[in-house]
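Engineer: Provide a 3D model corresponding to the input given below.
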Amino acid sequence: MSGLSTVLSVPDACRELSLSEPTMRRRAAADPYFPRKIKLSARRVGYLRADIEMYLRRQREAALVSGIGERAEFSQ
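Structural biologist: I've put the predicted structure just below:
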């Protein structure tokens, strides 16, 4: 299966995002850019790996623009 069509379970998506399940649910409710879950069956949902990776890229770019992701330089 290619990376574009790989479906991650909720626990796997949490690991990729480094979030707990409750935090992931809160983020999904509050952030319009958060990856949307897809219904796999009546009681199971998942997330597309490509959507998770795109979200992480956006978050990284936003951090770099705001200066959060820059390395701190220390003078000695």
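Engineer: C-alpha from now on. contacts and neighbour counts both.
Structural biologist: OK.
Engineer: Val65: what's it in contact with?
Structural biologist: Val65 makes no contacts at all, as judged by CA atoms under 8 Å, 6 or more residues apart in numbering.
Engineer: can you pull the buried residues of the helix or strand containing it?
Structural biologist: In this assignment (DSSP states H and E), Val65 forms part of helix 49-66. By neighbour count on 16 or more other CA atoms under 10 Å, the buried set for helix 49-66 is Arg49, Ala50, Asp51, Ile52, Glu53, Tyr55, Leu56.
Engineer: for those residues, which one is nearest Arg27?
Structural biologist: Closest to Arg27 out of these is Tyr55 (11.8 Å), distances taken as CA to CA.
Engineer: For the closest one, give me its contacts.
Structural biologist: The contact partners of Tyr55, by CA under 8 Å, 6+ apart, come to Tyr33, Phe34, Pro35.
Engineer: what's the distance between the helix or strand of the chain with the lowest mean pLDDT and the middle of its chain?
Structural biologist: Every helix and strand in the chain was compared by mean pLDDT, DSSP states H and E; the lowest is helix 49-66, with a mean of 93. Averaging C-alpha positions (CA atoms, centre = their mean, to the nearest Å) puts helix 49-66 8 Å from its chain's average.
Engineer: do stretch 31-43 as well
Structural biologist: Here stretch 31-43 is found 12 Å from its chain centre; the criterion is CA atoms, centre = their mean.
Engineer: Which positions in it come out as buried?
Structural biologist: Phe34, Pro35, Lys37.
Engineer: Can I get those residues in CSV including secondary structure and distance to Ala62?
Structural biologist: Converted to CSV, those look like this (DSSP: H, G, I helix; E, B strand; the rest coil; distance: CA to CA, whole Å):
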residue, secondary structure, distance to Ala62
Phe34, coil, 14
Pro35, coil, 16
Lys37, coil, 23
